[in-house]
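# this one's sequence-less:
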């Protein structure tokens, strides 16, 4: 596919949820859709004119459906703000700081004052009938393998409610997600082709994860893709679940646009399970925006936010390679939530190689979880420190680690139980085994020795001693 010849234009909008508190209240960002709902109410929404005095086309389209909306919530993670029964509180300053840090990484210009706006949304996903959004920075740049991608806007906005069931006349939403802070990064249509779109999305995702302040898991980051070719109007595609599917879906949309017999209006499309797209609604415009009068504008204070304070995941991975990890292992570690523990252990315990620390924290724990059917995520930082201290001082053997990690996951960690045998005792026992069972090969003797000591000796040291007695 010759994207340049087709006049391909493509830009992305990335939406990433943040950890902590919600954007305009103190409710936690839990996403507990399975908890019991003790709040239930109904609403009908209607479109209103924006700052231009016009009603937005997308809002008009939703209003023609005449839907009724039901809302459910757990009072543990929802308050009157989400129910639109109380004005929003002041904007979450911690969320603002994260958005500013991301903007600095992207070399964007920070606004002097954050002014919250209302964006009309009447599909029921916001109880109030609008979404609050605020411009944080503008004119940023992302470097990619195929050139610079301009970043015209970096915004902070509130997440929508989660749709839990839908029919033609009625939709039910859950409110635990409503109000979670979202960083929205919009790019210019500088993307060269379908694979370049995937690269751009992955790099922006990496930058966001590098802050250590974003939520992880399915649905916590979303990508919208804007596409057009020569002679066609822009189409916005929503609903990407996996970045790996992005090139295929973009290619299908380009093919769809090339086959059109008549020019269609700009509109929004939804990704279906087979990778095709279907019409969702007209393209929203400037008519849906108007100022939020209930939130006081916030002056941005850059004095406590330093450029370069965040180490990017890619940079961290390169540093881990210098410690002896393979490229894949370094990248795996840098993307995980074990980086701080890894660095603490490698700094404190010099007798343990960084590659072994990585394999224990990320690989062996998964193997133990699978084989022993225990939740190794329950192993605490203090338990890991205790285990690695014993390894560093050679009080336990590496061979005992699967059993030790199993005990730790079950809350039964007892390092003394796995204390290594002295070299003298090990040698005496090896000599005895060889005399009692003459004629075996060294591998067979090794199996007998390891079975005898059950992880209380180091395998390499046991082999050294065996070689004295088995020629």
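On my side now, so go ahead. Since this is a predicted model, take the numbers as computed values, not measurements.
# Partner strands of the biggest strand by length in the chain, with direction?
Ranked by number of residues, the top strand in the chain under DSSP state E is strand 130-144. Strands that pair with strand 130-144, judged by DSSP bridges, come out as strand 109-110 (antiparallel), strand 116-120 (antiparallel), strand 147-158 (antiparallel).
# Can you give me the buried ones in it?
By 16 or more other CB atoms under 10 Å, the buried positions in strand 130-144 come out as 130, 131, 132, 133, 134, 135, 136, 137, 138, 140, 142, 144. Every C-beta, even on glycine, is put in place using the N, C-alpha and C of the backbone.
# now swap in stretch 390-406 and tell me
Neighbour-count burial for stretch 390-406 flags 390, 391, 396, 397, 398, 399, 400, 401, 402, 404, 405, 406 (criterion: 16+ other CB under 10 Å).
# roughly how far is the longest strand of the chain from the heart of the chain?
19 Å (CA atoms, centre = their mean, to the nearest Å).
# Averaged pLDDT, that strand. What do you get?
Mean per-residue pLDDT for strand 130-144: 96.
# related to what we said a few turns ago, would you tell me which one of the strands paired with strand 130-144 is buried the most?
Neighbour counts (mean count of other CB atoms under 10 Å) averaged over each of those peak at strand 116-120, with a mean of 22.
# could you give me the average pLDDT of that one?
91.
# swap in stretch 30-49?
Across stretch 30-49, the average pLDDT comes to 79.
# Let's see which of the buried residues of stretch 390-406 end up in helices.
Judged by DSSP state H, the buried residues of stretch 390-406 include 390, 391, 401, 402, 404, 405, 406 as members of helices.
# And the pLDDT at the last one?
If I follow you right, that is residue 406. 95.
# List the residues that contact it.
By CB atoms under 8 Å, 6 or more residues apart in numbering, the contact set of residue 406 is 368, 372, 374.
# What is the neighbour count of the last one?
Here the number of neighbours of residue 374 (other CB atoms under 10 Å) works out to 18.
# Also the second one?
Other residues within reach of residue 372, judged by other CB under 10 Å, total 16.
# is it true that it touches residue 407?
No: taking contacts as CB atoms under 8 Å, residue 372 lies outside contact range of residue 407: 9.8 Å.
# so for the longest helix anywhere in the chain, what's the average pLDDT?
Criterion DSSP H: the longest helix present in the chain is helix 194-210. Across helix 194-210, pLDDT averages out at 96.
# Put together JSON lines for the buried residues of strand 130-144, with distance to residue 201 on each row.
Shown next, in JSON lines, are the buried residues of strand 130-144 (distance: CB to CB, whole Å):
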{"residue": "130", "distance to residue 201": "27"}
{"residue": "131", "distance to residue 201": "22"}
{"residue": "132", "distance to residue 201": "25"}
{"residue": "133", "distance to residue 201": "21"}
{"residue": "134", "distance to residue 201": "23"}
{"residue": "135", "distance to residue 201": "22"}
{"residue": "136", "distance to residue 201": "20"}
{"residue": "137", "distance to residue 201": "19"}
{"residue": "138", "distance to residue 201": "20"}
{"residue": "140", "distance to residue 201": "15"}
{"residue": "142", "distance to residue 201": "11"}
{"residue": "144", "distance to residue 201": "11"}
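# what residue lies at the spatial centre of this protein?
residue 216 (3.2 Å; CA atoms, centre = their mean).
# how about it, secondary structure?
coil (DSSP: H, G, I helix; E, B strand; the rest coil).
# That one and residue 78, how far apart?
Distance of residue 216 to residue 78, given as CB to CB, to the nearest Å: 22 Å.
# how about the strands paired with strand 130-144 in a markdown table, adding distance to residue 335?
Formatted as a markdown table, the strands paired with strand 130-144 follow (distance: least, CB to CB, whole Å):
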| stretch | distance to residue 335 |
| --- | --- |
| strand 109-110 | 28 |
| strand 116-120 | 32 |
| strand 147-158 | 22 |
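# And the ones you listed, which one averages the lowest pLDDT?
The minimum mean pLDDT among the strands paired with strand 130-144 belongs to strand 116-120 (a mean of 91).
# Share the number of residues neighbouring residue 351, please.
9.
# ok, now which ones touch it?
So residue 351 contacts 391, 392, 393, 394 (CB under 8 Å, 6+ apart).
# Can you tell me the closest non-neighbouring residue to the second one?
For residue 392, the nearest residue in space outside its immediate sequence neighbours is residue 349; the separation is 3.9 Å by CB to CB, 6 or more residues apart in numbering.
# The one you found: neighbouring residues, count only.
Residue 349 has 17 neighbours, counted by other CB under 10 Å.
# Check the gap between it and residue 401 for me.
14 Å.
# From residue 175, how far off is the spatially closest residue to residue 109 that is not a sequence neighbour?
Of all residues not flanking residue 109 in the chain, residue 139 sits nearest, at 5.0 Å (CB to CB, 6+ apart). Per CB to CB, residue 139 is found 36 Å from residue 175.
# One more: residue 227?
Distance of residue 227 to residue 175, computed by CB to CB: 33 Å.
# Walk me through the domains of the chain.
3-299, 313-418, 423-469 (automatic domain parsing).
# hey, least reliable of these by pLDDT?
Among the domains of the chain, domain 423-469 scores lowest, at a mean of 73.
# List the buried residues for the longest helix of the chain?
Result for helix 194-210 [16+ other CB under 10 Å]: buried residues 194-201, 203-205, 207-210.
# by how many degrees do that helix and strand 130-144 diverge?
110 degrees (axes from the mean of the first three to the mean of the last three CA atoms, to 10 degrees).
# residue contacts, residue 211?
Contacts of residue 211 (CB under 8 Å, 6+ apart): 98, 101, 102, 310.
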